[in-house]
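>>> Predicted model and sequence follow; I will ask about them next.
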Amino acid sequence: MNPTKQRVPDVHDIDDLKRAADSLQFLAEASALLASSLDYETTLAAFTRLAVPRLADWCALEILGDDGLSRLLGVAHVDPAKAKLAHELRQRYPPEPHEPHGVYQVIRTGRSEVFPHIPDELLVAHTRDPEHLRIARELGLRSSLMVPLTARGRTFGALHLVNAESGRTFASADVAFAEHLAARAALAVDNARLYTNAARAEERFRSLINATSQAVWVTWPEGEVAEDSPTWRAFTGQSREEYQGYGWLAVVHPEDQERVRRGWEAARALKQPYEVEMRVRRVDGNYAITLARAVPMLDARGRVREWIGTSTDITAQRRAEEASRRLESEQRARQLEALRAQVSEVLSQEDPPSRMIQACAEVMVRNLPVLPLVQLWTWSREARALLLEGNAGPVALSSAHPSRVELGQFLIGAVGQSRQPLLVNDVWSDPRLRSRPWAEANGLVSFLGAPLLVRGQLVGVLALYGQIPLDEEMLATLATVADAVAQGLERRRAEMSLQERVRELARSNEDLQQFAYVASHDLQEPLRMVASYTQLLARRYKGRLDPDADEFIAYAVDGVNRMQRLIQDLLAWSRVGTRGHELKPIDSGHALNKAVANLEALVKETGATLIQGKLPPVIADETQLIQLFQNLVGNALKFRGKAPPRVLVEAERQGHEWRFTIEDNGIGIEPQYYERIFVIFQRLHGKEEYPGTGIGLAICKKIVERHGGRIGLDSQPGHGTTFWFTLPVVPTPSQQGATS
């Protein structure tokens, strides 16, 4: 019965986490750059330089102009001379709007265009003349990715990434990341354009307000129109006969008529100034937002003599105010986007959680000046309380204040207990406030708390105090920031736990290998003495004692010999990771030949046929590779069937690794034993049937894993077995340069 084995995280897990952290950090840097200025052309040009060489060897941004033609906004390469060459190439060979590929096709369809590999045939097909082809070949283009710039449902440009010198190629994960990055860049461009257009609109509307004429009118005390109003006629198109009496109400929007009529009657009855905002139909048929004002003119006895009024078109003013509100909202959104980007950057660092939490609090205070105090509390399962770990702002709490809060205690504990956001804009009257004198002394009037949750479990609480009332929009936005902090904090804790487990595993493996070596080495000496004396007994007293004694001595000699082989194999297994030689390029075919030479006696004894395919150069420890081949080929010869053994050794490239196979026609292995046979001391047959210690395949597995590969087998009982293992491909000089 096999014990249940738990999977131990390997180095690949940490590499994946590191790559994810690097991607997150780049997104944070890019977002901060895109949010740093409303001059989107300068910002995007800087964006292309940020992307090289972290994302690609080349980065270019295309923007569609008002004339419908694409304009190269920026291009970057590590070598400035090559960037200049790209500008010249674009000027000489601009893209054709009707081409079925390239920037116009990406903008038309809104879909990405990717060429993982660019063969020479593709260059020939997409260039226009020999000179164009020569320059393209000189640039050494290897892989291309173009993604659309789309914001608010409109595509107006493209981000173009190209790999050349590094030899890197784009995969599906790169496409998704580039599209996400392009979406952020597109939103920054669209926001900047909206801001510019709104600013121009506000200036234009203010000019219109100053130039707009008013309609002036005069009525009798009872409200009847007293005289003709040319300005009213010009504004509404009504004749004097049409607006007489209450006829002017006909051009007031139907939804406003009753309200306007009652307001006018009330003002006349009370003899008070009249003011109302209403929608009035202009001469062109459109409704204008109009502000009507009227004041009573009194005689000497205080009676109303007449009313003098004006109707002013304030449509432009209201539109300007709406534009101003949109601008304010847009600026706030940019401010909060910058906050999210900087928080993401902090969370992508590899700092301890406590330092990460304090940095997040400081970032929030810098980006939101209206918040004089930001706190981050973490939930401690051991203490059963919330502990203060992030504390920043002009009124940050001193060490004299409590740094521990239980669930349900104060405003902080209320958020932790309910696990729901909490907004209070009158903290002085809230009984859950910890200290009213402290809040009054610092002018704090509002509180906003958001729980930090991961998969529904409480991680902590984000608490903000304001000197002005806070709104629901702020609550919603900071709830997303709280979610990012919770996820980042939990991720960092998991990373540190994983790293500690890996270190513990490395120490455990090192201790185990040292124990195996020392134990085996210490067993060698007494075993040699036992072997010597048992062999001496066998030689001296063979045939001189009774048959039982000869049999007992033979058992002792056999046991000692098997123990020696077991200890030697155990030593070999323990030395794979500690006594190996440097990994360097070698000829795997040469290593196989040496292994077969070591097996020459067994090959002759079994009458085996060995077939060797073309084997590649690999990066390996030659001694261990020989041992690997020797163990696997020897295993094929040992577990042979009735027919003479036939062994085929060959290799096939699969991506960035070589897959070696050792195929035989032996007895085969049942599928349920595929994993077991690689475990040390595991045997499927008795020693009388097939000799061995059960360590050979465990040594093979350890050798392959030391080289960064994998090992396994495919088998059919009675029809042979194919063992396979992988080794990395020897990198080309360009790949080595990119790696370094």
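Yep, it's here.

>>> can I have stretch 172-182 written out in CSV, keeping just the CAs?
Presented in CSV, the C-alpha positions along stretch 172-182 are these (Å, rounded to 0.1, in the frame of the first residue of the first chain):
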residue,chain,number,x,y,z
SER,A,172,-1.1,33.6,-26.6
ALA,A,173,-0.3,34.9,-23.1
ASP,A,174,1.6,37.8,-24.7
VAL,A,175,-1.4,38.6,-26.8
ALA,A,176,-3.8,38.8,-23.8
PHE,A,177,-1.3,40.9,-21.8
ALA,A,178,-0.7,43.3,-24.8
GLU,A,179,-4.4,43.7,-25.4
HIS,A,180,-4.9,44.6,-21.7
LEU,A,181,-2.0,47.1,-21.9
ALA,A,182,-3.3,48.6,-25.1
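
>>> Let me see the mean pLDDT of that stretch.
Per-residue pLDDT over stretch 172-182 has a mean of 86.

>>> Repeat that for stretch 479-497.
79.

>>> buried stuff in it?
481-493, 495 (16 or more other C-beta atoms under 10 Å). C-beta here means a position set from N, CA and C on the backbone, and glycine is covered the same way.

>>> Could you export those to JSON lines, including columns for distance to Ala292 and secondary structure?
Below are these laid out as JSON lines (distance: C-beta to C-beta, whole Å; DSSP: H, G, I helix; E, B strand; the rest coil):
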{"residue": "Val481", "distance to Ala292": "47", "secondary structure": "helix"}
{"residue": "Ala482", "distance to Ala292": "49", "secondary structure": "helix"}
{"residue": "Asp483", "distance to Ala292": "50", "secondary structure": "helix"}
{"residue": "Ala484", "distance to Ala292": "51", "secondary structure": "helix"}
{"residue": "Val485", "distance to Ala292": "53", "secondary structure": "helix"}
{"residue": "Ala486", "distance to Ala292": "55", "secondary structure": "helix"}
{"residue": "Gln487", "distance to Ala292": "56", "secondary structure": "helix"}
{"residue": "Gly488", "distance to Ala292": "57", "secondary structure": "helix"}
{"residue": "Leu489", "distance to Ala292": "59", "secondary structure": "helix"}
{"residue": "Glu490", "distance to Ala292": "61", "secondary structure": "helix"}
{"residue": "Arg491", "distance to Ala292": "61", "secondary structure": "helix"}
{"residue": "Arg492", "distance to Ala292": "63", "secondary structure": "helix"}
{"residue": "Arg493", "distance to Ala292": "65", "secondary structure": "helix"}
{"residue": "Glu495", "distance to Ala292": "67", "secondary structure": "helix"}
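
>>> ok, of the residues you listed, which one's closest to Arg128?
Distance to Arg128, by C-beta to C-beta, is smallest for Ala484 among the buried residues of stretch 479-497, at 48.3 Å.

>>> Now do the strands in the stretch 451-600 of the chain.
Under the criterion DSSP state E, counting those that start in this stretch, the stretch 451-600 of the chain carries strands at the ranges 457-466, 584-587.

>>> pLDDT weak spots in the stretch 551-700 of the chain?
558-581, 679-694 (pLDDT under 70).

>>> any idea how far the residue in the chain sticking out farthest from the centre is from Asp550?
Distance from the C-alpha centroid of the chain peaks at Arg544, with 81.1 Å (C-alpha atoms, centre = their mean). Separation of Arg544 from Asp550 (C-beta to C-beta, to the nearest Å) stands at 9 Å.

>>> do the same with Arg507
50 Å.

>>> Just want to know which of the two has more residues nearby.
Between Arg507 and Asp550, counted using other C-beta atoms under 10 Å, Asp550 has the larger neighbour count: 16 against 10.

>>> my guess is the more buried one contacts Lys542, does it?
Yes - counting by C-beta atoms under 8 Å, a contact exists between Asp550 and Lys542, whose distance comes to 5.9 Å.

>>> So what does the residue farthest from the centre of the chain have for phi and psi?
When read as degrees, to the nearest 10, the backbone of Arg544 gives phi -100, psi -20.

>>> For Glu337, see how far away it is.
Distance from Arg544 to Glu337, by C-beta to C-beta: 97 Å.

>>> and what of Asp430?
31 Å.

>>> same check, this time on Pro645
Distance from Pro645 to Glu337, by C-beta to C-beta: 69 Å.

>>> What of Thr127?
Distance from Thr127 to Glu337, by C-beta to C-beta: 41 Å.

>>> neighbour-wise, which of these two wins?
Glu337 (20 against 16).

>>> what's the nearest residue to the more buried one if we skip its chain neighbours?
Computed as C-beta to C-beta, 6 or more residues apart in numbering, the closest residue to Glu337 that is not its neighbour in sequence is Ala35, at 5.4 Å.

>>> these two touch, right, the one you found and Arg334?
Yes - using C-beta under 8 Å, Ala35 is in contact with Arg334, at 5.4 Å.

>>> Determine the longest strand present in the protein.
Ranked by residue count under DSSP state E, the longest strand found in the chain is strand 287-298.

>>> what is the mean pLDDT for stretch 355-365?
85.

>>> Can you point out the buried residues in it?
356-365.

>>> got it, and stretch 651-671?
Those buried within stretch 651-671 under the rule 16+ other C-beta under 10 Å are 651, 657-669.

>>> now that stretch: how far from the chain's centre is it?
Offset of stretch 651-671 from its chain centre (C-alpha atoms, centre = their mean, to the nearest Å): 37 Å.

>>> Ends of that stretch, what's the gap?
23 Å (C-alpha to C-alpha, to the nearest Å).

>>> what sits up against it?
If you take C-beta atoms under 8 Å, 6 or more residues apart in numbering as the criterion, stretch 651-671 is touched by 588, 613-616, 618, 629, 632-633, 636-637, 639-641, 643, 645-650, 677, 684, 709, 713, 715-729.

>>> let's go with 6 Å and repeat that
Outside stretch 651-671, the residues within contact range by C-beta atoms under 6 Å, 6 or more residues apart in numbering are 615-616, 632, 636, 639-641, 646-650, 715-729.

>>> Next: stretch 142-157.
62-64, 106-107, 110, 112-116, 118, 158-164, 169-170, 178-179, 182, 186-187, 190.

>>> Give me the below-cutoff pLDDT ranges for the stretch 201-350 of the chain.
201-214, 328, 332, 335.

>>> So for Ala35 and Arg334, which residue has more residues nearby?
Ala35 (23 against 19).

>>> one step back: packing partners of the next helix or strand after the longest strand of the chain?
For strand 287-298, the following helix or strand on the C-terminal side (DSSP states H and E) is strand 304-313. Applying 3 or more C-beta pairs under 6 Å, 6 or more residues apart in numbering; DSSP states H and E, one finds that strand 304-313 makes contact with strand 214-219, strand 287-298.
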